[in-house]
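> Provided below for reference: sequence and predicted model.
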Amino acid sequence: MYSVSIMAEANLIVTYDPAHSGKAEEEVKFLLDSQAEKPEFMKSDIDGLFLIRTKKNPKELTKSLNSKKNAKKFSYTYHWIPVDKWTTSKIEDMKKVMKELNGKIDPKESWKMELGKRHFEGKTTDLILKLTENIDKPKVDLKNPQKIIKVEIIGKKAGISLLDASEFLDVPKLKA
């Protein structure tokens, strides 16, 4: 499906309306151009998903776009997800990354995990339970967390990030 190098190079995932892929790509280019960034679109075999490489820190880019004043600028994209690390989608490999992330969450910080999966078998609830068993921080907050562990499984690969709430751009939530 994807070569390892393509996945490893992508540091931003953007989901979009697959019926409007051309307009969604224009929207991404326009919005990133407003941040003085020229995105490199990697090959994606999945409709509705862009794999993008940015030179600037993708967390800073999404954070700067993540404001109510920008809400009307989004018409075709849904989620902008910075990627810290790629691994295989084998449970054991993902759990190793989760264990690394555990050390980066302060016990006083609230957190949650969000999981997206495409071309991957397995029940979501089972995956969430397995992946979060290494996270020993007590303050889970599913509505308003300070940290979000974002896991995007795409076939045999998984992009995983630890994000401040402002670094994950959820366009529907921004528009609400």
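Cool, got the structure.
> give me the buried positions along stretch 51-65.
By neighbour count with 16 or more other C-beta atoms under 10 Å, stretch 51-65 contains the buried residues Leu51, Ile52, Thr54, Lys56, Pro58, Lys59, Leu61, Thr62, Lys63, Ser64, Leu65. Every residue, glycine included, has its C-beta placed from N, CA and C.
> repeat for stretch 20-32
By neighbour count on 16+ other C-beta under 10 Å, the buried set for stretch 20-32 is Ser21, Ala24, Glu25, Glu27, Val28, Leu31, Leu32.
> stretch 10-20 now?
Of all the residues in stretch 10-20, those buried under the rule 16+ other C-beta under 10 Å are Ala10, Asn11, Leu12, Ile13, Val14, Thr15, Tyr16.
> distance of the second one from Ile154?
It refers to Asn11. 14 Å (C-beta to C-beta, to the nearest Å).
> quick revisit: nearest to Gly116 among the buried residues of stretch 20-32?
The closest of the buried residues of stretch 20-32 to Gly116 turns out to be Ala24 (C-beta to C-beta; 16.9 Å).
> okay, and that closest one sits in which element?
Assigned by DSSP states H and E, Ala24 belongs to helix 21-33.
> determine the set of other helices and strands touching that helix.
Counting contacts by 3 or more C-beta pairs under 8 Å, 6 or more residues apart in numbering; DSSP states H and E, helix 21-33 packs against strand 12-16, strand 49-53, strand 77-82.
> buried ones in whatever helix or strand comes next after the longest one?
Past strand 77-82, further along toward the C-terminus, the next helix or strand under DSSP H and E is strand 85-88. Of the residues in strand 85-88, those buried by neighbour count under the rule 16+ other C-beta under 10 Å are Trp86, Thr87.
> I'm done for today, thanks for sticking with me.
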